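1. sequence plus predicted model, see below.
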Amino acid sequence: MNCPIEDYALIGDCETAALVSRSGSIDWLCLPRFDSPACFAALLGTEENGCWKICADDTEARITRRYRDGTLILETRFETATGAATLIDFMAVREPLADLVRIVVGEWGEVDFTTLLIMRLDYGRTAPWVTRIDEQTMSAIAGPDQLMIWTPVALKGEDHRTVGRFKVRAGESAPFVMTHQSSLATHYKPVDPRAALERTCEFWRDFTERCPDVGPWTEQVKRSLITLKALTYAPTGGIVAAVTTSLPEHIGGERNWDYRYCWLRDATFTLQAFMQLGYFEEAQAWRDWLLRAVAGDPAQLQIMYGVAGERQLPEWEASWLDGFGGSKPVRIGNAAAAQLQLDVFGEVADALMQAAKGGLPPHPRAAALRDVGLEYLASIWREPDSGIWEVRGEKRHFTHSKVMAWVAFDRAACMQPRNARDRVGVCRWRAIADEIHREVCEQGFDAKLNSFVQSYGATQIDASLLQLALVGFLPSDDPRIVGTIEAVEKHLMWEGLVKRYHTADVDDGLPPGEGVFLACSFWLVDNLALIGREDDARELLTKLAKLGNDVGLFAEEYDPIARRMLGNFPQAFSHVGLINSALNLHRRRGPARVRAAHEIVDEMEPVAR
């Protein structure tokens, strides 16, 4: 049985990342990018699928861990009857290779340690050819990849494993460095572990010291901000949804997806989080990645792309992996990239509006891409789609999808016309927005339930409906908005948290069963604040904040009965939700996404209407 998801901590270098268990085992690492094949895949199988353990020999050792303040440097402390030592894990700032550094530092007495290195490339399938270069250096090669391992600790091969046993005393240290490079490379000079530690610590603290005060949530916001930075692919600015694939939404189930890609719908929320915290450089990098990724024929717009904007993300199954907790299949790639999801047009439009409102310098392609995108959306918005939750069943007229189509035209209708042609466009976009608005109010609202519903003609409630007030579709005091919030509380709450929808009542093409969706619970916080229930909002945010693991990380979902995390990890959507909800309550001004939209509407109203 795998360690629980919440047992893992994250380390990374803003191009890839590793997951480290409480006991000091690295069970997941893809090299050289987030979406590259894993060389450690025990997370989705067994240790024979690749891991790197460094742990005290004493099985009764007391183990504690923490991140070094303001950084992504993990410290795992082992205390035994004979001494104490700390394992420092981090990925060094790239120059330019990926370096994984592990340093065991003695504190008092002496502690016996064992390191077990099982390298299995191609998602745990391929054992590399290992060669000793000198007394301190080893090379492991398989196909195009080469892992170089450097350490003064004596290592030996045992049945396709690399094992070492060593002792650390007070004031002593045992460093390890693993570097990824091309198998064609013959020269290797390892980074200096101590210098790399200082440089990496400085990098993260330079980043986090700019984080403003967010009241009682400051430290958790800072940790979520570090996590978002760690999920950013630095060369392009793209942000992956998570660093993992196929962590299940239901243990033993098949709702297992690859999240190592960049979703467009994350755009507005992420931009909002970065800009509200004053991180405009990161916001601009994400905005620019977005515009590069979507460039081209709007009919080919995808809901997600690779970290460099790749469009081909074919889905296949790694049949040799047992899956986390026996949850099969293990999927690589994501077929949902080919789905029609109307909401992404609205997300892109809203993101660009947020970028402009936040003061980011204008992008030369933004206006042109907006115009051609709207022309295409005008021809397809009446079609059914797969919706925000990427259902693999029959397409429907999802209410949230239509609302986000309205967002696309509404934001365009709020722009300041520069000439007569723009004025004509503004009037046209407003007319389409008004048409969508009328249709949604007529077909997406159920008077008996006093709530908007998941899709036209349905009676199911969906947590995506919480977005209606946040994007300004209706005023927060509109009875239909209040009724929808109350319907979510009545029908979708499980142990005080929010489910996306009832999978047993909706045919989404998959067997039922999943946990509560943390991002939706944060949306409820924002809605409660918006309608004046600030005490309820604070209570819910306090509850949500406690669901993070011991180092402040959140997965996609949570099982409130088993009290364990579910889904891919750590999840950008969850961390963005925490940041935005904390900011909204701390500043007591209501959700910024709505504020920005309404400000522009108010400014442009004499022209746009």
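-> Sure, I can see it.
2. for the stretch 51-200 of the chain, what spans make up the strands?
-> Applying DSSP state E, counting those that start in this stretch to the stretch 51-200 of the chain gives strands spanning 51-56, 62-67, 74-79, 83-91, 98-118, 129-134, 137-142, 145-150, 156-157, 162-169, 173-182.
3. of all those, which lies closest to residue 492?
-> Residue 492 sits nearest to strand 62-67 of all those, at 33.4 Å, using CB to CB. In short, each C-beta sits where N, CA and C put it, glycine included.
4. can you give me the angle that closest one makes with strand 74-79?
-> Following axes from the mean of the first three to the mean of the last three CA atoms, to 10 degrees, one obtains 160 degrees for the angle between strand 62-67 and strand 74-79.
5. counting by contacts, list what strand 62-67 packs against.
-> On a contact count with 3 or more CB pairs under 8 Å, 6 or more residues apart in numbering; DSSP states H and E, strand 62-67 meets strand 74-79.
6. strand partners of the strand it packs on, parallel vs antiparallel please.
-> Note on strand 74-79: by DSSP bridges, its sheet partners are strand 62-67 (antiparallel), strand 83-91 (antiparallel).
7. what about that strand, average pLDDT?
-> The average pLDDT within strand 74-79 is 98.
8. that one to strand 98-118, inter-axis angle?
-> 40 degrees.
9. by mean pLDDT, point me to the weakest helix or strand of the chain.
-> Ranked by mean pLDDT, DSSP states H and E, the helix or strand of the chain with the weakest confidence is helix 592-608, at a mean of 37.
10. returning to that earlier point: in TSV: the strands of the stretch 51-200 of the chain, plus distance to residue 277 and mean neighbour count.
-> As requested, the strands of the stretch 51-200 of the chain are exported to TSV (distance: least, CB to CB, whole Å; neighbours: other CB atoms under 10 Å):
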stretch	distance to residue 277	mean neighbour count
strand 51-56	34	24
strand 62-67	18	16
strand 74-79	23	21
strand 83-91	23	23
strand 98-118	28	20
strand 129-134	45	12
strand 137-142	41	19
strand 145-150	36	22
strand 156-157	48	11
strand 162-169	39	17
strand 173-182	32	20
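11. which of those sits closest to residue 571?
-> Nearest of those to residue 571, taken as CB to CB: strand 62-67 at 17.7 Å.
12. contacting residues around the closest one?
-> Under the contact criterion CB atoms under 8 Å, 6 or more residues apart in numbering, strand 62-67 has outside partners 9, 22-24, 73-80, 223, 226, 550-552.
13. mind doing that once more with 7 Å?
-> Counting contacts by CB atoms under 7 Å, 6 or more residues apart in numbering, the residues outside strand 62-67 that touch it are 9, 22-23, 73-79, 551.
14. cool, stretch 178-187 as well?
-> By CB under 7 Å, 6+ apart, stretch 178-187 touches 31-32, 97-100, 141, 143-149, 188, 190.
15. try it again at 8 Å.
-> For stretch 178-187, contacts defined as CB under 8 Å, 6+ apart pick out 31-32, 39, 52, 97-100, 141-150, 188, 190-191.
16. tell me how many other residues crowd residue 559.
-> Residues near residue 559, counting by other CB atoms under 10 Å, number 18.
17. ditto for residue 80
-> Neighbour count for residue 80, taken as other CB under 10 Å: 18.
18. that one touches residue 58, doesn't it?
-> Yes: at 4.2 Å, residue 80 counts as touching residue 58 under the criterion of CB atoms under 8 Å.
19. which neighbours do these two share?
-> With CB under 8 Å, 6+ apart, residue 80 and residue 58 have common neighbours residue 111.
20. circling back: turn the strands paired with strand 74-79 into JSON lines, including distance to residue 464.
-> Converted to JSON lines, the strands paired with strand 74-79 look like this (distance: least, CB to CB, whole Å):
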{"stretch": "strand 62-67", "distance to residue 464": "33"}
{"stretch": "strand 83-91", "distance to residue 464": "35"}
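21. closest to residue 273 out of the ones you listed?
-> Set against residue 273 and scored by CB to CB, the strands paired with strand 74-79 come closest in strand 62-67, at 19.5 Å.
22. how distant is that closest one from the center of its chain?
-> Chain-centre distance of strand 62-67: 24 Å, with CA atoms, centre = their mean, to the nearest Å.
23. now stretch 119-126
-> Going by CA atoms, centre = their mean, the spacing between the C-alpha centre of stretch 119-126 and its chain's C-alpha centre is 24 Å.
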